[in-house]
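Student: give me a 3D structure for the following:
(chains A, B and C)
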Amino acid sequence: MPELPEVETVRRGLAPVMEGATIRAVELRRPDLRRPFPNDFRLRLEGATVTALRRRAKYLLAELSTGDVVLMHLGMSGSFRIERPAGAAAVPGAYYHARSEDLAHDHVVLAMSSGARVVFNDPRRFGLMLVVAADELDAHPLLRAVGPEPLDPGFDAAKLAAALAGKAAPLKAALLDQTVVAGLGNIYVCEALHLARLSPRRRAGTLVGRGGVPTPRAVALVEAIKMVLADAITAGGSSLRDHRQTDGTLGLFQHRFRVYDREGAPCVTPGCGGVVRRIVQSGRSTFFCTVCQK
DNA sequence: CGCTATGCCTGAAAGC
DNA sequence: TGCTTTCAGGCATAGC
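Tutor: Residues are numbered from 1 along each chain as shown, chains lettered A, B, ... in the order given. Coordinates of the predicted model:
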């Protein structure tokens, strides 16, 4: 489910009730998600204060006063919601979920000193929660090879070109590769390629000129990636099947999809006149317009 | 029943 | 032989 804009939306929702708050109790309602919780997971979280809640790629990182970091991933169907137990004071700036639902897939509950209960729900259990020492975070196998943050000012056409140079894989597949650029998934790759008018089937290496110089297409693609992601964050992400904001409300960006899940609909590019098509690449649906995306 | 699904790790296969 | 790149398979569940 969640790509960078959804994870960032979740981060912004959780920050008011987690940052500066102490984790009073951790309830693990099953032994594993995608992989087992570490044996010392509860021990290392309980009593620790969250000093910052950050995001790297599609990972949420809760930095603790103890020098540990809680590494969280939402997988395909994970979501967080914030509950306010009866009698607990409301945290300024926090938005609470109206009521609990789908309790069967509530796998982790964090009771925070802010009074909020942070509940992780994940029907498919492709999500992940680990705790690692902060000084080992960058070298951690899950993060070591992750590429640049697309919304970082340092991510530019030169960076993208360097990552794409020599690649024969389709552009779609290259952009899904988290080592090329971090945080894009199936939706936002399709959206960014349409905005940049680039074919998902084009060989990735063709965005790089002689000597590794980025082409105008690479410049356009970087611009499109940044714009699509920023707009999606502003809209609270995209809610299809699973994504909710932490207060339970839906994201709104799905109403603004240019191509994703719009097979057969007219292309929105002014004057194009094409129709959105669906193909399968690397086993996943790609939506694009064969008329204006070259 | 069969197909699809916002992710991504693993391992096999292919290419050099 | 070995390294790198690419892709299919699988994970677990729900909805249509």
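
Student: what helix or strand does A:Ala159 sit in?
Tutor: Actually, residue A:159 is Lys. It isn't Ala. helix A:157-164 (DSSP states H and E).

Student: give the rounded mean pLDDT of the helix or strand following that helix.
Tutor: Downstream of helix A:157-164, the next assigned helix or strand under DSSP H and E is helix A:171-176. Mean pLDDT, helix A:171-176: 94.

Student: state the mean pLDDT of the next helix or strand after helix A:171-176.
Tutor: Helices and strands here follow DSSP H and E; after helix A:171-176, the next one along the chain is helix A:186-195. The average pLDDT within helix A:186-195 is 95.

Student: so is the next helix or strand after helix A:186-195 next to DNA strand B?
Tutor: Per DSSP H and E, helix A:186-195 leads on to helix A:216-234 as the next helix or strand towards the C-terminus. No - residues of helix A:216-234 are not located near DNA strand B by CB under 7 Å from any atom of the strand, the shortest gap being 10.4 Å. Bear in mind the C-beta positions are built from the backbone N, C-alpha and C, glycine included.

Student: list the helices and strands helix A:216-234 packs on?
Tutor: Judged by 3 or more CB pairs under 8 Å, 6 or more residues apart in numbering; DSSP states H and E, helix A:216-234 is in contact with helix A:4-18, helix A:157-164, helix A:186-195.

Student: return it as PDB; C-alpha atoms alone will do.
Tutor: Taking Å, rounded to 0.1, in the frame of the first residue of the first chain, the C-alpha atoms of helix A:216-234 are listed here in PDB:
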ATOM      1  CA  PRO A 216      16.500  16.900 -20.700                       C
ATOM      2  CA  ARG A 217      14.300  13.800 -20.200                       C
ATOM      3  CA  ALA A 218      16.100  13.100 -16.900                       C
ATOM      4  CA  VAL A 219      15.600  16.700 -15.800                       C
ATOM      5  CA  ALA A 220      11.900  16.400 -16.600                       C
ATOM      6  CA  LEU A 221      11.600  13.200 -14.800                       C
ATOM      7  CA  VAL A 222      13.200  14.500 -11.600                       C
ATOM      8  CA  GLU A 223      10.900  17.500 -11.700                       C
ATOM      9  CA  ALA A 224       7.800  15.300 -12.200                       C
ATOM     10  CA  ILE A 225       8.800  13.000  -9.400                       C
ATOM     11  CA  LYS A 226       9.200  15.900  -6.900                       C
ATOM     12  CA  MET A 227       5.900  17.500  -8.000                       C
ATOM     13  CA  VAL A 228       3.800  14.300  -7.800                       C
ATOM     14  CA  LEU A 229       5.200  13.300  -4.400                       C
ATOM     15  CA  ALA A 230       4.800  16.800  -3.000                       C
ATOM     16  CA  ASP A 231       1.200  17.100  -4.200                       C
ATOM     17  CA  ALA A 232       0.300  13.700  -2.900                       C
ATOM     18  CA  ILE A 233       1.700  14.500   0.600                       C
ATOM     19  CA  THR A 234      -0.400  17.700   0.600                       C
END
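
Student: next, the angle helix A:186-195 makes with that helix.
Tutor: 130 degrees (axes from the mean of the first three to the mean of the last three CA atoms, to 10 degrees).

Student: mind listing what's buried in the helix or strand just after helix A:216-234?
Tutor: Later in the chain than helix A:216-234, the nearest helix or strand by DSSP H and E is strand A:276-281. By 16 or more other CB atoms under 10 Å, the buried positions in strand A:276-281 come out as A:276-277, A:281.

Student: okay, the residues you listed in a markdown table with pLDDT and distance to A:Ile23 next?
Tutor: Shown next, in a markdown table, are the buried residues of strand A:276-281 (pLDDT from 0 to 100; distance: CB to CB, whole Å):
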| residue | pLDDT | distance to A:Ile23 |
| --- | --- | --- |
| A:Val276 | 94 | 46 |
| A:Arg277 | 93 | 48 |
| A:Gln281 | 90 | 42 |
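
Student: which stretches of the stretch 1-150 of chain A form helices?
Tutor: For the stretch 1-150 of chain A, the helices defined by DSSP state H, counting those that start in this stretch occupy A:4-18, A:41-45.

Student: point out the most buried one among those.
Tutor: Comparing these by mean neighbour count (mean count of other CB atoms under 10 Å), helix A:4-18 comes out on top with a mean of 24.

Student: which other helices and strands does it contact?
Tutor: Packed next to helix A:4-18, using 3+ CB pairs under 8 Å, 6+ apart, are strand A:50-56, strand A:59-64, strand A:79-83, strand A:106-112, strand A:117-121, helix A:216-234.
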